[in-house]
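Engineer: Below are the sequence and a predicted model for it; my questions follow.
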Amino acid sequence: MIRALACVLALIAGKATAVTCNDATFDGHSFTACTVDATTEDLRLFHRDASGQVLGGWNALSTQIAPQSLAFAMNAGMYHDDRRAVGLFIKDGVETAPLVTQKGPGNFGLLPNGVFCLTDTSARVIETLAYDRQRPACRDASQSGPMLVIGGKLHPRFLADSPSVHIRNGVGTSADGHTAIFAISNDPVNFHTFARFFRDVAKTPDALFFDGSISRLYAPALHRADFGFAALGPMVGVVQ
């Protein structure tokens, strides 16, 4: 745990050059965390190309942004079988899927869930009902769930001994909205362990689950490009 704390906290303290990705060990599990300075880096959400086709993966995303390149990318929210976003999705100020506030099935409906909200200079995780009250001006936004950490506290439904373990990925944000930390577990973990990584290691007061099982990371600095046969829905990435 000490190694993980030193590694990830060093990322938060220092200025990131585009994206800083490191592996860390916490509670006997392996994680990879990528830190982005949202005040200076070009952090965006992606879903479809100019013709409306779902991008689905790193190759299509890289083609979409050429001649610029990806410094980092990750799947960033749940989707239906046809790759439509399950909850709110906003790209460049245009809402293509509405906010969902009611309780529902699956992890997305395990309230409270939340919204990952980006502006040109900030990144924030906001609980869904708080987002609905505030309606902040997000340039890009993706709703997912459940929340992992809410105001420094773990989601109340998480159990330390839960046998439900999967590869999981998500995002946590600093209180000032300046830093986003994206993490993926490299071996199966339950929600309780994954949430504690954000609370106790990344030290993010708010964190949001993106998905499990299909979780993927593109991190060229680590020579990593996770592959899967199923196309992805919403994605997040840093363009450089």
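Structural biologist: Looks like it arrived, so ask away.
Engineer: What's the end-to-end length of stretch 189-209?
Structural biologist: When the termini of stretch 189-209 are compared using CA to CA, to the nearest Å, they are 13 Å apart.
Engineer: actually stretch 143-156, sorry about that
Structural biologist: Stretch 143-156 has an end-to-end distance of 19 Å (criterion: CA to CA).
Engineer: Off-centre distance for it?
Structural biologist: 12 Å (CA atoms, centre = their mean, to the nearest Å).
Engineer: try stretch 70-77
Structural biologist: 8 Å.
Engineer: same thing with stretch 60-69?
Structural biologist: Taking CA atoms, centre = their mean, one finds the center of stretch 60-69 at 20 Å from the center of the full chain.
Engineer: again with stretch 25-38
Structural biologist: 12 Å.
Engineer: ditto for stretch 79-87
Structural biologist: Put simply, stretch 79-87 sits 16 Å off its chain's centre (CA atoms, centre = their mean).
Engineer: Now do the end-to-end distance for it.
Structural biologist: By CA to CA, one end of stretch 79-87 lies 8 Å from the other end.
Engineer: buried set for it?
Structural biologist: 79, 83, 85, 86, 87 (16 or more other CB atoms under 10 Å). All C-beta spots, glycine's among them, are computed from the backbone N, C-alpha and C.
Engineer: Let me see the ranges of the helices in the protein.
Structural biologist: 2-13, 58-65, 128-134, 191-196 (DSSP state H).
Engineer: and residue 173, what are its bridge partners?
Structural biologist: residue 180, residue 206 (DSSP bridges).
Engineer: can you tell me which residues contact the residue lying closest to residue 213 once chain neighbours are set aside?
Structural biologist: Distances taken as CB to CB, 6 or more residues apart in numbering place residue 166 nearest to residue 213, at 5.2 Å, with adjacent residues excluded. Counting by CB atoms under 8 Å, 6 or more residues apart in numbering, residue 166 touches 188, 189, 212, 213, 215.
Engineer: number of nearby residues for the last one?
Structural biologist: Translated: residue 215. Neighbours of residue 215 under the rule other CB atoms under 10 Å: 22.
Engineer: and the residue nearest to it when sequence neighbours are not counted, what pLDDT?
Structural biologist: Spatial nearest neighbour of residue 215, excluding adjacent residues (CB to CB, 6+ apart): residue 169 at 3.8 Å. In this model, residue 169 is scored at 98, pLDDT.
Engineer: Pull up the gap between residue 169 and residue 129, please.
Structural biologist: According to CB to CB, to the nearest Å, residue 169 and residue 129 sit 24 Å apart.
Engineer: out of those two, which sits in the more crowded spot?
Structural biologist: The neighbour count for residue 169 versus residue 129, taken as other CB under 10 Å, is higher for residue 169 (24 against 14).
Engineer: My read is that that one contacts residue 210, right?
Structural biologist: Yes: contact criterion CB atoms under 8 Å: residue 169 and residue 210 qualify, at 5.0 Å.
Engineer: Mutual contacts of the two, please.
Structural biologist: Residues touching both residue 169 and residue 210 (CB under 8 Å, 6+ apart): 74, 75.
Engineer: Can you report how many residues neighbour the closest residue to residue 92 other than its chain neighbours?
Structural biologist: Excluding its sequence neighbours, the residue lying closest to residue 92 (CB to CB, 6+ apart) is residue 139, at 6.5 Å. Neighbour count for residue 139, taken as other CB under 10 Å: 18.
Engineer: if I look at residue 139, how far off is residue 88?
Structural biologist: If you go by CB to CB, the gap between residue 139 and residue 88 works out to 13 Å.
Engineer: what's the answer for residue 210, then?
Structural biologist: Using CB to CB, residue 210 is found at 14 Å from residue 88.
Engineer: neighbour-wise, which of those two wins?
Structural biologist: A direct count of neighbours by other CB under 10 Å for residue 210 and residue 88 places residue 210 higher, at 27 against 24.
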